[in-house]
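Q: Okay, here's the prediction I keep looking at, along with the sequence it came from:
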Amino acid sequence: MCIKETQGNLAYQCCDLHAQQQSKGLGRRGFLGALGAAGLVATAAKSATAFDEKASDDKRPERPAEALIKELYSSLDDSQKSSVVLPYNHGAENGKAASRHGMYNAPFGGKKIGDNYTTAQQDLIEKILRAMTRDDDGYIKLTRAGRFDNSKNLQGCGATMFGTPGDDNKFSFVFTSHHLTVRCDGNSSPDEAFGGPLYYGHSAVGYATGNVYYYQTKKANKVFEALDGGQQKQALCSGNPGEEIESIQFRDEKSIPGIGVDALSNDQQELVADLMRSVLQPFREEDAQEVMDIIEHNGGMDKLNLAYYQDNDTKDKVRWHFWRIEGPGMVWNFRPLPHVHCFVNIAKV
């Protein structure tokens, strides 16, 4: 992943715990069970913000996102296909990362939904985005109550297809806007969670109650506050993990900073599970399950570390510039100050 700034568009281009732990911590079955719909709905209920929830109105789609994407593709005319449908490996020439793996801060290629899709197709795109979230609360969070930060509305965002959606074809539907890049690929890339790197954020200060992701940092703070003095010292990190390629590329586990989940008590591990529930809450259940399956494949929860990067301008111990969940094939890089930017990369290694 590398960061490049273009005119009007900051594009983030992505160039059961083990048996030894089961006696002291969360078993995989218990952890995954806690990630079920009931637990996540409860988390959502407790994380209500001051946002206008009129953006929801119980419009949950009856079909999965993949079926809706196929319907959208079939409705496009030739002119639209030439504009918003690109080859699956577009941009991957000369060793570069494919465009579908990019992390963008505005409509991809500057092509806004309002300028490239009919009203009926725009309604279908909204249904697709809703189907990519867990529930109405998740949709409110990802869309910032339908405002999409500087994109203002759905029409100001972008929706691009890479490849041709079909039963036997690889494809990736990539939705891009200010502080948001999410995708649905029908598991075309089975070794990657979310079909590739994820980006979400919000313009409000990360410690303000009006920030739609404040509840996630509250959970991260709660873990830190439960650590003893020695553990806190181990979890605190100097410097800044950054937001460029170094921020979400995978590192050797020996070089990952912070404190390991395997070094925590049962109660502390329960708080880590709660943090994990909170970051996965906006996303549909199959994506959350895939994240957990990949973590297990890469060694389990006991391989993950938590790290906190403190703001040098304040003595408040809970005001982090960044906090991270990191392990083999896993980076959840969350920046609460001066406002939320979160970059996520999870894949089998």
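A: Sure, I can see it.
Q: gap between the two ends of stretch 157-171?
A: With C-alpha to C-alpha, to the nearest Å as the measure, stretch 157-171 spans 20 Å from end to end.
Q: how far away is Pro107 from Thr181?
A: Going from Pro107 to Thr181 by C-beta to C-beta, to the nearest Å gives 11 Å. No exception for glycine: its C-beta is placed from N, CA and C like everyone else's.
Q: out of the two, which sits in the more crowded spot?
A: Thr181 (27 against 24; other C-beta atoms under 10 Å).
Q: who's in contact with the closest residue to that one other than its chain neighbours?
A: With C-beta to C-beta, 6 or more residues apart in numbering as the criterion, Thr181 has its nearest non-adjacent residue at 4.2 Å, and that residue is Tyr199. By C-beta atoms under 8 Å, 6 or more residues apart in numbering, the residues touching Tyr199 are Tyr12, Met103, Tyr104, Asn105, His179, Leu180, Thr181, His341, Cys342, Phe343, Val344.
Q: Of the residues you listed, which is the nearest to Val223?
A: Nearest to Val223 out of the contacts of Tyr199 is Cys342 (C-beta to C-beta; 16.5 Å).
Q: From Thr181, how far off is the closest one?
A: 11 Å.
Q: Identify the contacts common to those two.
A: Joint contacts of Cys342 and Thr181 (C-beta under 8 Å, 6+ apart) are Leu198, Tyr199, Tyr200.
Q: my read: the last one touches Leu142, true?
A: Read it as Tyr200. Yes. Using C-beta atoms under 8 Å, Tyr200 is in contact with Leu142, at 6.6 Å.
Q: Can you check which residues contact both of those two?
A: With C-beta under 8 Å, 6+ apart as the test, Tyr200 and Leu142 both reach Leu180, Val182, Pro282.
Q: that older thread, tell me which of the shared contacts of Cys342 and Thr181 is nearest to Arg130?
A: Using C-beta to C-beta, the shared contacts of Cys342 and Thr181 come closest to Arg130 at Tyr200, 15.7 Å.
Q: Quickly run through the sheet partners of the host helix or strand of that closest one, with directions.
A: Using DSSP states H and E, Tyr200 maps to strand 198-202. Take DSSP bridges as the rule and strand 198-202 pairs in its sheet with strand 180-184 (antiparallel), strand 340-346 (antiparallel).
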